[in-house]
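# coordinates only, sequence not included:
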């Protein structure tokens, strides 16, 4: 299994992926065998029994009960094997080991907020150590979303009225795609991120680096990290192009008109209140809620 | 020469088409054949609209990022594509168009049991279609055809129009099913027992059972959704203490049996065409009959397999997975029986037979890929990806639409009195087959590699397969264009059809082409079953035909 996976499946990066794939291929080759048999028989019969004269009629048998019973029972046995295997693996996927690291993930239109067990909060990025069980406790703030990491073969819906959970144990370091897999409105396909599986050493280094700007670090550098990491750029472009929210380009120091008709300057306070309370003082251009991550 | 003169004489006789003229005689008709024809044109118009939307969707997906439309429009397009194709086209298609026309004739009856209810069904379809258009015009909806809450509750008022439209379409479906059931119970010709009926009729019977029992649940679900939106009753909206998963249970309780409403009539057609074009008795009549009933019954017990990644309990998921594998078996039995019907047949590859063979090929893939989705652990990976999209297009289009076309070409001479041009029709069939596979086979791989469905944009690595799929859609579109053009052209210019151009044994082929208003000249007599070719051809020989 290499970096790109196989023709049909992504790379295997979790403890359960191998088992899921084995069942997948068992079904695949079983189906292929039946399919080739049917197609070959149909092709053969069509060629062998072509009509040779205007009034020729066919003459085959109209029933054969032993044959019917055979081709009912044999597939039934095979599908029961598939059922049991799938069920057993599914139960394993639904039973998180005790002591797993707990991550609280909130889906909201249209990003994933990941609350790490270290206290760090990331948007659309999840950092996990390799070879350790991880339990994800999911919820949504608005509509149904679904947390899907193809490389781990896991998926679970997120609801606004209850928690759901999934668990995995990553087996290879690397960065793996995270998708939203339940249609959730306009930017459903933008609601994606990465799960970063790190070696123990790298994971510890990451934990250390997320506690704040380093001493002497330029705040604009820190700011750029923040608005990239918190996915502000999903809705606010940097180059002037129109997205869901107003562009950041060139707004500093300009006047904006608020929904109550008054005009204010885009200064530090305006930026601060727009992030923390987007509906309170938002300009008429911003009707949709800005969804930054709290605690940043 | 003699047969041409006979054909000409047949065409001049009064038939259901020329017995009266004018718009009123059609719009106010109670003749099941005219109603079938009106339905046929209506559902084909819906198919074309849905198909144009599909081409638009695939065009947008040719490139990452924006290709022709923005996100909001795209989301509305795939929602509308699903709604039109499912509720306006595929669910009515075979029963309302072909079933209406041929069911009574196949059992030797003059009409259905309730002819005016039949016309009412058609008008309900029209009303539903109009409301769908109103929904589109008043802002459209972008919830997907599944209307999941809370997303659908947060939408604007167009969900209400759409919900009402589908509610009304449901009644069109229920009345049709009711009509057909009573017709089969009460109006079968003397001498035709239940097990002498054509398998198409049995298929319609199973379908009608589902239409009557399942569609009311959809109606109730839609009313509850509207109540939630309008009166905030708090049943599905979590902000009001409701449960969004409950909506899914209600919705899929209808929508899973609905897929058997879609496929069973198609399977019925295949039993008719495979036997006609192999000119032999069907293999396993009773097994096929019982498998139709088994599918209808078991189909009610598996809805939760659409919900394996929801908060559905592990116990329920296990039961649903278990039963899902059971419901697959009757369909497999039918495939084996049709294959066995080819054995020692006398086979011709007319356009209808090409579509029938395409059905066996494509429905097999569709059904087999259902196995992946029924397996709990594998479904977790595949759910809501393009694998599912490919699966249902293989069964609905590769299955039902191919069967519908097989039936259309098979019965068209009887309906219109004219043949269609065989060569362009066969070319179209081949293009449709190739285009379909290129479009959708690629989507299995996109899904298993992890591309979710209902995605406006996707990662770069998925682009090559998406482009291949789009090119496939162009080939598919071209095939349909050729098929429909030649069908329309030959309405006026096609060669006049004989009474029984295929030498088929069904009762519908024993009456004139096109049939007279009351279906038969004089009183029809049940002489032999629909697959009794030995008796039929022995009789022909004795009569020196």
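That came in fine, so what should we check first? Nothing here was measured: the structure is a model prediction, and the numbers come from that model.

# Which pLDDT value goes with the residue nearest to the spatial centre of chain B?
Centroid check for chain B by Cα atoms, centre = their mean gives residue B:90 as the closest residue, at 4.0 Å. With respect to pLDDT, residue B:90 scores 97.

# Tell me which helix or strand the nearest residue to it once chain neighbours are set aside sits in.
In this structure, residue B:90 finds its nearest non-sequential neighbour in residue B:262, 5.0 Å apart by Cβ to Cβ, 6 or more residues apart in numbering or on different chains. All C-beta atoms are positioned from the backbone trio N, CA, C, and that covers glycine. Following DSSP states H and E, one finds residue B:262 within helix B:244-278.

# List the buried residues of that helix.
Residues of helix B:244-278 classed as buried by neighbour count (16 or more other Cβ atoms under 10 Å in any protein chain shown): B:244-245, B:247-278.

# Please enumerate the strands of the chain.
All of this refers to chain A. A:101-108, A:111-115, A:121-123, A:125-129, A:133-140, A:145-149, A:154-158, A:164-169, A:174-180, A:193-198, A:255-257, A:263-265 (DSSP state E).

# Now do the fifth one against strand A:101-108, angle only.
It stands for strand A:133-140. Orientation of strand A:133-140 against strand A:101-108 (axes from the mean of the first three to the mean of the last three Cα atoms, to 10 degrees) gives an angle of 20 degrees.

# Give the buried residues for the longest helix that chain A contains.
The helix that spans the most residues within chain A, counting by DSSP state H, is helix A:17-48. For helix A:17-48, a neighbour-count test (16+ other Cβ under 10 Å) marks A:17, A:19-21, A:23-24, A:26-28, A:30-31, A:34-35, A:38-39, A:41-42, A:45-46 as buried.

# and if you look at stretch B:457-470?
Quick answer for stretch B:457-470 (16+ other Cβ under 10 Å): B:457, B:458, B:462, B:465, B:466, B:468, B:469, B:470.

# OK, contacts around the residue nearest to the first one when sequence neighbours are not counted?
Computed as Cβ to Cβ, 6+ apart, the closest residue to residue B:457 that is not its neighbour in sequence is residue A:189, at 4.6 Å. By Cβ atoms under 8 Å, 6 or more residues apart in numbering or on different chains, the contact set of residue A:189 is B:71, B:452, B:454, B:455, B:456, B:457, B:458.

# swap in residue B:437?
Taking Cβ under 8 Å, 6+ apart as the test, what residue B:437 contacts is B:362, B:472.

# Domains of chain A: list them as residue ranges, please.
Listed by automatic domain parsing, the domain ranges of chain A are A:101-209, A:219-276.

# most neighbours per residue, which of those?
domain A:101-209 (a mean of 20; mean count of other Cβ atoms under 10 Å in any protein chain shown).

# Need the distance between the two termini of it.
Distance across domain A:101-209, first residue to last, is 19 Å (Cα to Cα, to the nearest Å).

# what pLDDT, on average, does the strand or helix carrying residue B:52 get?
In this assignment (DSSP H and E), residue B:52 forms part of helix B:32-60. Across helix B:32-60, pLDDT averages out at 97.

# Just the buried residues of it, please?
B:32-40, B:42-44, B:46-47, B:49-51, B:53-54, B:56-58, B:60.

# what residue ranges in the chain score low on pLDDT?
This is for chain A. Per-residue confidence for chain A (pLDDT under 70) gives these ranges: A:1-3, A:211-217, A:219, A:276-296.

# Not quite, go with chain B.
B:1-12, B:155-157, B:544-545.

# So which residues of it form strands?
Counting by DSSP E, chain B contains no strands.

# Quick check: closest non-adjacent residue to residue B:17.
Nearest to residue B:17 is residue B:514, by Cβ to Cβ, 6+ apart, at 5.5 Å.

# most surrounded residue in the contacts of residue A:189?
residue B:452 (27 neighbours; other Cβ atoms under 10 Å in any protein chain shown).

# Report the contact partners of it.
Applying Cβ under 8 Å, 6+ apart, the residues near residue B:452 are A:148, A:179, A:180, A:181, A:189, B:384, B:385, B:386.

# try 6 Å
Residue B:452 sits next to A:179, A:181, B:384, B:385 when contact means Cβ atoms under 6 Å, 6 or more residues apart in numbering or on different chains.

# now swap in residue B:308 and tell me
Residue B:308 is in contact with B:317, B:379, counting by Cβ under 6 Å, 6+ apart.

# what separates it from residue B:420, distance-wise?
Distance of residue B:308 to residue B:420, computed by Cβ to Cβ, to the nearest Å: 45 Å.

# now do residue B:485
Here the criterion is Cβ to Cβ. By it, residue B:485 lies 11 Å from residue B:420.

# higher neighbour count, the two?
Set residue B:485 next to residue B:420 and count neighbours by other Cβ under 10 Å: residue B:420 wins out with 24 against 12.

# That one and residue B:490 touch, don't they?
Yes - contact criterion Cβ atoms under 6 Å: residue B:420 and residue B:490 qualify, at 4.7 Å.

# For the residue of the stretch 251-400 of chain B found nearest chain A, grab the count of nearby residues.
Closest residue of the stretch 251-400 of chain B to chain A, Cβ to the nearest Cβ: residue B:280 (2.7 Å). Counted by other Cβ under 10 Å, the residues lying close to residue B:280 total 27.

# Find the nearest non-adjacent residue to it, please.
Nearest to residue B:280 is residue A:58, by Cβ to Cβ, 6+ apart, at 2.7 Å.

# didn't the one you found look like it was pressed against residue B:347?
No - the pair residue A:58 / residue B:347 is not scored as a contact, 7.8 Å apart, by Cβ under 6 Å.

# okay, and the common contacts of those two?
Counting by Cβ under 6 Å, 6+ apart, the shared contacts of residue A:58 and residue B:347 are residue B:278.

# farthest pair in the buried residues of stretch B:457-470?
B:457 and B:468 (17.8 Å; Cβ to Cβ).

# Chain A contacts on the stretch 151-300 of chain B?
B:151, B:238, B:244, B:278, B:279, B:280, B:281, B:284, B:287 (Cβ under 6 Å from any Cβ of the partner chain).

# Could you report the neighbour count for the second one?
The number of residues packed near residue B:238 is 21, by other Cβ under 10 Å.

# From what I see, it and residue A:162 are in contact.
No - between residue B:238 and residue A:162 there is no contact under Cβ under 6 Å: 8.3 Å.

# got the contact list for residue 149?
All of this is about chain A. Taking Cβ under 6 Å, 6+ apart, one finds A:176, A:178, A:195 in contact with residue A:149.

# Actually, chain B is the one I wanted.
If you count contacts by Cβ under 6 Å, 6+ apart, then residue B:149 has B:236, B:244, B:247 around it.

# same check, this time on residue A:235
A:243, A:244, A:245.

# The second one - nearest residue in space that isn't next to it in sequence?
Same thing as residue A:244. Residue A:244 sits nearest to residue A:235 (Cβ to Cβ, 6+ apart), 4.1 Å away.

# any idea how far that neighbour lies from residue A:267?
Counting by Cβ to Cβ, the gap from residue A:235 to residue A:267 is 21 Å.

# how many other residues sit next to the residue of the stretch 401-545 of chain B found nearest chain A?
Closest residue of the stretch 401-545 of chain B to chain A, Cβ to the nearest Cβ: residue B:450 (3.0 Å). Look at residue B:450: counted by other Cβ under 10 Å, it has 26 neighbours.

# ok, it to residue B:158 distance?
From residue B:450 to residue B:158 the distance is 32 Å (Cβ to Cβ).

# do residue A:29 as well
Using Cβ to Cβ, residue A:29 is found at 47 Å from residue B:158.

# Repeat that for residue A:264.
Residue A:264 is 36 Å from residue B:158, by Cβ to Cβ.
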